[in-house]
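> need a structure here:
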Amino acid sequence: MSQFYEQQVPEEQISILKELLNQIKPRYAIEIGSWMGNTTWPIAEECERNGGFVVCVDTWEGNVGTHLEPIASTYDVFKMFRDNVKAKKPRNIIPIMTDSLNVHFFKHGFFDFAFLDGDHRYSHVKSDIEICWKALRKGGLICGHDMDVPTWDERWIEKDFVDGAHHGVIKAVTESFPDFSCHNPIWWRKK
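So this is what the prediction gives:
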């Protein structure tokens, strides 16, 4: 099962994430889409250094219509997430097992950092951006994964991944932040 964990986000992309974390030095972070915890632990470690925590929102059921759904129906992905992050030793992770569309309860301006890698369909990404943007403090950073190419195909925005791109992610980020930064496939925007 470790192959699923290792392939979620490659090490060179984790390095970009760590650089962004180092710029912000967050105390409180939110991660939408934690899956096996590959991106959770660097966020948790940085928050722990600053006396805070990371809230992880995921269904741990895999994205609709992807190869992750059968994995989640065969294995206890949430247990693997817990085991993987426990192996890294951070004790400041608060998992919330739900669809991110259900998390409108976060206090505005509370979080320093938000990382989005949940459901890749446009309607979900757009909602995740809106929720996390409101929950970010001024000077905080929102970022995410899967900004594969600069343009999208409108036919595929409500699908996870088609023709080498996450069309919903690309459209939602581009519409929300005309001036975002990107080092493919990691994108970010400071508030």
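
> which secondary structure elements does the helix or strand containing Glu12 contact?
When elements are assigned from DSSP states H and E, Glu12 belongs to helix 11-24. Using 3 or more C-beta pairs under 8 Å, 6 or more residues apart in numbering; DSSP states H and E, the elements in contact with helix 11-24 are helix 40-49, strand 111-116, strand 136-144, strand 186-190. All C-beta spots, glycine's among them, are computed from the backbone N, C-alpha and C.

> could you dump the ones you listed to TSV with mean pLDDT and distance to Arg82?
Converted to TSV, the helices and strands packed on helix 11-24 look like this (pLDDT from 0 to 100; distance: least, C-beta to C-beta, whole Å):
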stretch	mean pLDDT	distance to Arg82
helix 40-49	95	10
strand 111-116	98	18
strand 136-144	98	23
strand 186-190	98	25
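
> before we move on, back to that, could you list the buried residues of the helix holding Glu12?
13-14, 16-17, 20-21, 24 (16 or more other C-beta atoms under 10 Å).

> angle of that helix against strand 111-116?
160 degrees (axes from the mean of the first three to the mean of the last three C-alpha atoms, to 10 degrees).

> just checking, next helix/strand downstream of helix 11-24?
As assigned by DSSP H and E, the chain's next helix or strand after helix 11-24 is strand 28-32.

> neighbouring contacts of that following strand?
39-40, 43-44, 46-47, 52-58, 100, 106, 110-118, 128, 132, 135 (C-beta atoms under 8 Å, 6 or more residues apart in numbering).

> That one: how far from the chain's middle?
8 Å (C-alpha atoms, centre = their mean, to the nearest Å).

> how about it as PDB, C-alpha atoms only?
Written as PDB, here are the backbone C-alpha positions of strand 28-32 (Å, rounded to 0.1, in the frame of the first residue of the first chain):
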ATOM      1  CA  TYR A  28      -2.900  27.200  12.000                       C
ATOM      2  CA  ALA A  29      -3.500  25.500   8.600                       C
ATOM      3  CA  ILE A  30      -6.200  23.700   6.800                       C
ATOM      4  CA  GLU A  31      -5.700  21.000   4.200                       C
ATOM      5  CA  ILE A  32      -8.600  20.000   1.900                       C
END
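
> and it, which strands flank it?
Applying DSSP bridges, strand 28-32 is found paired with strand 53-58 (parallel), strand 111-116 (parallel).
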